[in-house]
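[1] Sequence and predicted model, in that order:
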Amino acid sequence: MTDSTFHHGEAATAQAPIVEMRNIEKHFGNIIALAGVSFDVRPGECHCLLGDNGAGKSTFIKTMSGVHKPTKGEILFEGTPMKFDTPRDAMEAGIATVFQDLAMIPLMSVARNFFMGREPTKGRGLFKRFDVDRANEITMTEMRKMGINLRGPDQAVGTLSGGERQTVAIARAVHFGAKVLILDEPTSALGVRQTSNVLATIDKVRNQGIGVVFISHNVRHALAVGDRFTVLNRGKTLGTATRGEISPEELQDLMAGGQEMAQLEGSLGGTV
Amino acid sequence: MTDSTFHHGEAATAQAPIVEMRNIEKHFGNIIALAGVSFDVRPGECHCLLGDNGAGKSTFIKTMSGVHKPTKGEILFEGTPMKFDTPRDAMEAGIATVFQDLAMIPLMSVARNFFMGREPTKGRGLFKRFDVDRANEITMTEMRKMGINLRGPDQAVGTLSGGERQTVAIARAVHFGAKVLILDEPTSALGVRQTSNVLATIDKVRNQGIGVVFISHNVRHALAVGDRFTVLNRGKTLGTATRGEISPEELQDLMAGGQEMAQLEGSLGGTV
Amino acid sequence: QDIVVVAHGQANDPFWSVVKNGVEEAGKDTGVNVDYRSPETFDMVAMAQLIDAAVNQEPDGLVVSIPDADALGPSIERAVAAGIPVISINSGSDVSNELGALLHVGQDERDAGVAAGEKLAEMGGTNAICVNQEVGNVSLDLRCEGFAEGFGGTVTVLPTSNDPTEIQSKVAAALSSDEGIDTIMALGAGTAGEPSVAAAKASGRDIKVATFDLSASFLQSVVDGDAAFAIDQQQFLQGYLAVDFLALNAKYGLMPGGNVPSGPNLITADKAAQVIDLSSKGIR
Amino acid sequence: MNASDGALEDERVKAESFLSRLMRRPELGAIAGVILVVIFFAITADGSMFTLSGFMNFMSPASQLGILAIGAAMLMIGGEFDLSIGSMVAFAGLFFAICAVNWGLPLVVTIPLTFVFAACVGAVNGTIVIRSGLPSFIVTLAFLFILRGLSLVGLKWATGGSTQLRGVREATEGDILTPFFSGDAFPGLFARLAEMGLVETFGNGAPKVPGIPVEILWFVVIAALATYVLLRTPAGNWIFAAGGDTNAASNSGVPVARVKVSLFMLTAACAALVAIITVIDAGSTDARRGFQKEFEAIIAAVIGGCLLTGGYGSAIGAFFGAIIFGMVVIGLTYTNFDQDWFQVFLGAMLLIAVLFNNAIRKRVTGER
Amino acid sequence: MNASDGALEDERVKAESFLSRLMRRPELGAIAGVILVVIFFAITADGSMFTLSGFMNFMSPASQLGILAIGAAMLMIGGEFDLSIGSMVAFAGLFFAICAVNWGLPLVVTIPLTFVFAACVGAVNGTIVIRSGLPSFIVTLAFLFILRGLSLVGLKWATGGSTQLRGVREATEGDILTPFFSGDAFPGLFARLAEMGLVETFGNGAPKVPGIPVEILWFVVIAALATYVLLRTPAGNWIFAAGGDTNAASNSGVPVARVKVSLFMLTAACAALVAIITVIDAGSTDARRGFQKEFEAIIAAVIGGCLLTGGYGSAIGAFFGAIIFGMVVIGLTYTNFDQDWFQVFLGAMLLIAVLFNNAIRKRVTGER
Ligand SMILES: Nc1ncnc2c1ncn2[C@@H]1O[C@H](COP(=O)(O)OP(=O)(O)OP(=O)(O)O)[C@@H](O)[C@H]1O
Ligand SMILES: Nc1ncnc2c1ncn2[C@@H]1O[C@H](COP(=O)(O)OP(=O)(O)OP(=O)(O)O)[C@@H](O)[C@H]1O
Ligand SMILES: [Mg+2]
Ligand SMILES: [Mg+2]
């Protein structure tokens, strides 16, 4: 299972990383969420961030996208040290993120959420205004591409189903493009069709030279699109492996933090 | 893959259903979320509810657990027609639910969320009070059983990781026991270890004669524990199959609403 | 030497700001420390607490207004018991002596209302509205009550907020819904009096407008003939004299033998012009 | 299974009447309330309430309240409160009067200066809220007291002891900007209409309604502008987002701090506008101007459908909310009810109006 | 990888000082504010402020406010507002006075009757809020007006035209329940202490402090009870849950409607208690009693750390919040500041107190 119809030859290990994080620590009051994690993403690769629940994956990518300020450690963006004060800064530098909590406003419509912070406009000067029709149209099209047929672009996000909502967040991040695309468990609530679309999208995006950070608990999804795999455990990294160096079973073991699992192997064909 | 280490022989098709839903319709204003769905759960079986994103699964189980009132249709509980006005009614009748949005209060501590609505007390009469120590202890134990080591029972749920939070909701529903246990995508945010624990728990609970309704987008998880499979599509049911009648590939096709999927089959060994 | 004044009107109330100016001027003239205090709203419970606070500081004299003898009585008696000389001002002339105050400076709100009512009735008024910008404030309610008694004719109380625009609209509404209204009694010159004059003018009818207290603009209307008169209690005296008396009392043990009436004083067109200037300086 | 046909003929959507589609909009909910209140007064009130002059009479205070309410509504949609707007009316009015009277500046200088000044205070409010992370309720409450107190101190300083500063009318008379901020617009038109008998006249032939009070025009223009901004500009989207969920908005790249501070400045500017209009109109200012207006503005916004928790509401809603409130307050004096009962009726009318429009909305849109 | 060792020695948790663990509690945040205010007045105010009698003097209004604030805080934690408590004080006071004076009922009847009456009004409030789904802000606002208006009407009816009802002291004098609701507790003790020279006396030998005002005792007892309920009973858990997220709470089986209606009843009962205490103490009631107390109660609760959005806060916080507010209001009269500046100082003190306790908390708990 180490080969896939997807994989585009060698991982781009030669190229310089777009984002490099060095020895990131993050404390919340007395809680230590990250105890020194290093990580990098290169153009055109999909770097999977794996690990047990509560290992610190989301916290880590949030420091990468400007939501949290690291307590200690350094962030290099294209080789130069960077400090993102707000997520907007990170976004402008070229980091697009799908957060685990999706960062959507329940009371607002799908189209408005889709373009939140980056509204398309028409007209000029004083008459520059939000181009609602284009926003609606793009939203519907992008959602359909991901396999979701919305009833209309003005439905409030709060009334969407879990998977529909997640798809909005993914479609949004992909639509606006970036140098780095961070996806925090993007497929968790998706149906099988939507999942395969998202995995295909990751592959497509990667081929355009964008670096992808992909967080997942599904070993099979990770192996399907990942070039490198970094495993976190209790706020520390257990190391990075490149594709082919590691078997699904080994990876699953690492993701479980080395602890024993309930006896299911038989029924689930090796990986959960 | 039609056999599992789990499966406890024949599904209990002979027994009378605990809950039976007949021709349930649910409209939200002008939106038709359910257009006539029938469904039942019998003691000791795990009935999987599958379907595409937005098919209406969550809406359906919410009518079952008293959150929504059906626009049309009948609910029979142990053979008699029932109307649940509030989720509390359903809960008292013996329906425990893990909602997709988890129904937790972010600002409250883990232990308080765990026992919300069903607090353990000590003392008598006027001195009857919330037994905080016991609540804390039980919470930590139950969470550890599910494979999560919390830092402490007084951490606010809002600061937990996605998987930790989901585990709290599951552990809570399982702990209080019931006649029917409804799980809406319980494993979506869970790590591999936690997932296997939850699947094992479903098996255990079922063996105690409790009916389980299990919603998932993961064909493999569904097949691992399910006795019957009902597939929803665009608010209607596509029918029910019992275990063994249907292959994983067929099931996945049904779940995708019969539409084509992106080409991933090779890498994902048949099912996503 | 310290003299504390606890009154029921706030420092930003046009009427009471004049009292306060009197207090301060007396303080300057006699060389004593003065301190003017009032609750945030018309609140008898809070006012009693302020009197208690003042008593704790054991000043050389205490000036209080007494709009509610029941509520303030115990606190005033406590001050007297503690040996602090007390003078009451403005309201409470009837109970002042009973509670142990040395004397009362001022004039009852009710009596002022009666005087105004009689005057307006004399001018030919038969149907009046009483514009009350703070219903429930007992001292204002008393003005209306007194007015109704003195006026004799029909009196409707028009409750309003403190907002001049709203008062103008409400007065206009009242005027247009009852053609018979020929008299307006406003309970404050700046807040209620001026908008009432404007509304009366806009109605195009001949309406007599009078007000309690003074404001320069209202007096100008009196001069111009748009308004009838304003009732002046000369409240500056209430503040000034009370402090002066107490200062002298503390220095030489002097105290006049009886109550000092400070009003009422109706300011009509002939007197208005000379008062305008003093009013815009906060002395009348 | 014709999913690809698009949303137009989706079998999962019921046909919906035009009415219910209309009622779904938050701004239109309040219309039901307006209609109810009009019906109530049409029955109980003196006929003169719904003449042209009666209309102008209740619209004038409603407009002043409404200008504040629209500012408050936008801020509430953005997730914050400003309790200092009432005091701001007094303070900005004082500032304006001092500039115009004591310093004798012309309006072209005074008015922009007043707006800038108010906006600065608003910016201070906003910056403290954003920086400290304290609830805006408590921060602006402090400014409620501070500005009210400073108005008193400033007035006494400017007048030498009085709490009323007068002479504004004299100072502003004849200025070219005065007609834009006070009095009635289109006097010529109304005089002509009166001649033609289309507008009621007094005995002497002067029209009963000399024109449209300018505040009504400002009110309408501001409501239209605010609606445009909220619904048709990126800034509007940001306001809804900032109020709906600050974290999510900021994570999606909305400059939340900037949006909120701007809203505080806008609200303060609305207060300054009301201050300028009322001060020129009254010709004077005093320490109690704008007392409790913050409260009434929030009431109007909530009647109009704004959520206190932010992220939901509309400027048109606030528009109608202010009209409902203004109409009830003034309208009750046109009725024969004993005025002692005024507050009882005011409360009851408000409650009935919101209950009614809530019931209608649920009914029409078919919510549970 | 010793995860199974349990939470006690988790390497993912830093050791934390006792102080910061203490400061993490919402209720203790407000203590920093209290300390700051005490220091401020210790420097600026007359020395008599911090004598025993000065203490009783500022605690007495703080207690009356505090009783309301604790009710308001519990309701706010439960996610709702009650703007009608100020009017409720007037209305319940009127009801009480009519029972006691006009009907001559003994306190054993009057007092329970007043509480039941207030609780019924609270229940009406709550039921409308729950049933209609309207924000409690607007519903209780209507009752603010209605109850205030009814108080006026009722007063006029009961007194035959006046807005002040007197004679309560005479009517309640000698009743066995009176000492529990008015005057000072433990007078004997304090007289003895005065004799022993432990309590200051006036010239005539009477102790300056005749006892502890009963409202202070009520205040402390209610704060303790409320804290117990919130933190140590299932009901408390339900209150936090209902306020944190109504939907989630209801989905988890919390009887949200019942909890909220009970809280409205509780708040109204707190208002009734304050009404009884102040009416007996003052011996009279008028239509302005409790004016704006709803506002001050919410202020105190927010100073004490309650969130306006619900689900967070504490009764002890409201306790200290009320003390801060009461101390600032009364304390400023002990200083030499001109009364004109009163509101400026009040606002500034409030702002500084909350900023300070916010800064301290962040500092100590190491939040960003
Ligand atoms: N704001 C916060 N305050 C305190 N603790 C926090 C906070 N945010 C996260 N944590 C803790 O930090 C740890 C890491 O959380 P994080 O969300 O990064 O985990 P994760 O790897 O994304 O897990 P999952 O796979 O379940 O999403 C968790 O144990 C969580 O409880
Ligand atoms: N309150 C609501 N108002 C309007 N539409 C709603 C509401 N709740 C759900 N819907 C719509 O009903 C449909 C079914 O939603 P539901 O949440 O039941 O889907 P689901 O099968 O659980 O999907 P998923 O697998 O993504 O969780 C969706 O299209 C959704 O947009
Ligand atoms: Mg995560
Ligand atoms: Mg779902």
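    Perfect, thanks for sending it. Residues are numbered from 1 along each chain as shown, chains lettered A, B, ... in the order given. Ligands and ions are numbered 1, 2, ... in the order given.

[2] Near chain E, which residues of chain C are found?
    Of all the residues in chain C, those in contact range of chain E (C-beta under 8 Å from any C-beta of the partner chain) are C:11, C:20, C:33, C:35-38, C:40-46, C:48-50, C:52-54, C:56-58, C:68-71, C:73-74, C:81-83, C:135-138, C:141, C:145. For every residue, glycine as well, the C-beta is placed using N, CA and C.

[3] Sort out which of those residues are buried, if you could.
    The neighbour-count criterion (16 or more other C-beta atoms under 10 Å in any protein chain shown) marks C:11, C:20, C:35-38, C:41-46, C:48-50, C:52-54, C:56-58, C:68-71, C:73-74, C:82, C:135-138, C:141, C:145 among those as buried.

[4] what separates the most centrally placed residue in chain D from chain B, distance-wise?
    For chain D, the residue nearest the mean C-alpha position is D:Gly66 (2.2 Å; C-alpha atoms, centre = their mean). D:Gly66 is 30 Å from chain B, where distance means C-beta to the nearest C-beta, to the nearest Å.

[5] D:Ile324 is in contact with that residue, correct?
    No. Between D:Gly66 and D:Ile324 no contact is recorded; they are 10.3 Å apart, counting by C-beta atoms under 8 Å.

[6] show me where the chain has strands.
    The chain I'm using is chain A. With strands called from DSSP state E, chain A shows them at A:19-28, A:31-41, A:46-51, A:72-77, A:80-81, A:95-98, A:121-122, A:129-130, A:180-184, A:211-215, A:228-233, A:236-242.

[7] nope, chain C
    Using DSSP E, the strands of chain C run over C:2-6, C:33-37, C:61-65, C:86-89, C:103-105, C:127-132, C:154-159, C:183-186, C:208-212, C:229-232, C:265-267.

[8] Give the other helices and strands that the last one contacts.
    Spelled out, that is strand C:265-267. Contacts defined by 3 or more C-beta pairs under 8 Å, 6 or more residues apart in numbering or on different chains; DSSP states H and E place strand C:265-267 against helix C:109-122, strand C:229-232.

[9] so how far is ligand 3 from A:Val192?
    The spacing between A:Val192 and ligand 3, counted by C-beta to the ion, to the nearest Å, is 22 Å.

[10] so which helix or strand takes in the residue nearest to the centre of chain D?
    D:Gly66 is part of helix D:52-77 when elements are defined by DSSP states H and E.

[11] Could you list the buried residues of that helix?
    Neighbour counts over helix D:52-77 (16+ other C-beta under 10 Å) mark D:52-54, D:56-77 as buried.

[12] Can you give the distance of the helix or strand following it from its chain's centre?
    Next along the chain after helix D:52-77, taking DSSP H and E as the criterion, comes helix D:85-97. Computed by C-alpha atoms, centre = their mean, to the nearest Å, the chain-centroid distance of helix D:85-97 equals 16 Å.

[13] Grab the nearest non-local neighbour of the residue in chain C positioned nearest to chain B.
    Nearest residue of chain C to chain B (C-beta to the nearest C-beta) works out as C:Val45 at 32.9 Å. Leaving out its chain neighbours, the residue that sits closest to C:Val45 by C-beta to C-beta, 6 or more residues apart in numbering or on different chains is E:Thr278, at 4.8 Å.

[14] Kindly provide the distance from the residue of chain D found nearest ligand 2 to B:Ser58.
    Closest residue of chain D to ligand 2, C-beta to the nearest ligand atom: D:Arg12 (7.0 Å). According to C-beta to C-beta, to the nearest Å, D:Arg12 and B:Ser58 sit 15 Å apart.

[15] Then C:Glu194?
    With the distance defined as C-beta to C-beta, C:Glu194 ends up 63 Å from B:Ser58.

[16] Can you pick out the residue with more neighbours from these two?
    C:Glu194 (30 against 21; other C-beta atoms under 10 Å in any protein chain shown).

[17] Test my guess that that one contacts C:Phe218.
    Yes. Counting by C-beta under 8 Å, C:Glu194 touches C:Phe218, with 5.5 Å between them.

[18] Identify the residues contacting residue 206.
    Using chain A. A:8, A:44-46, A:212, A:225, A:227 (C-beta atoms under 8 Å, 6 or more residues apart in numbering or on different chains).

[19] Oops, wrong one, chain D.
    Going by C-beta under 8 Å, 6+ apart, D:Ala206 touches C:204, D:194.

[20] Tell me who's in contact with the residue nearest the centre of chain A.
    Residue closest to the mean C-alpha point of chain A, counted by C-alpha atoms, centre = their mean, is A:Leu183 at 0.8 Å. Counting by C-beta under 8 Å, 6+ apart, A:Leu183 touches A:97-98, A:170, A:173, A:198, A:202, A:212-215.

[21] mind running it again at 6 Å?
    Taking C-beta atoms under 6 Å, 6 or more residues apart in numbering or on different chains, we find A:Leu183 in contact with A:98, A:214.

[22] the helices in chain A, which residues?
    For chain A, the helices defined by DSSP state H occupy A:57-64, A:87-93, A:110-114, A:132-145, A:162-176, A:192-207, A:219-225, A:248-255, A:265-268.

[23] where are the low-confidence patches of the chain?
    Using chain A here. For chain A, applying pLDDT under 70 flags the ranges A:1-14, A:258-272.

[24] that answer is for a different chain, and I need it for chain D
    Within chain D, the stretches with pLDDT under 70 are D:1-9, D:20-29, D:203, D:205, D:364-368.

[25] quick one: the strands in it?
    Under DSSP E, chain D gives strands at D:164-166, D:184-185, D:212-213, D:284-286.

[26] what does the last one rub up against?
    Right, strand D:284-286. Residues from elsewhere that reach strand D:284-286 (C-beta under 6 Å, 6+ apart): C:190, C:217, D:93-94, D:97, D:163-166, D:168, D:279.

[27] The residue in chain D positioned nearest to ligand 3: how many residues sit nearby?
    The nearest approach of chain D to ligand 3 comes at D:Asn251, 14.0 Å away (C-beta to the ion). Using other C-beta under 10 Å, D:Asn251 is surrounded by 27 other residues.
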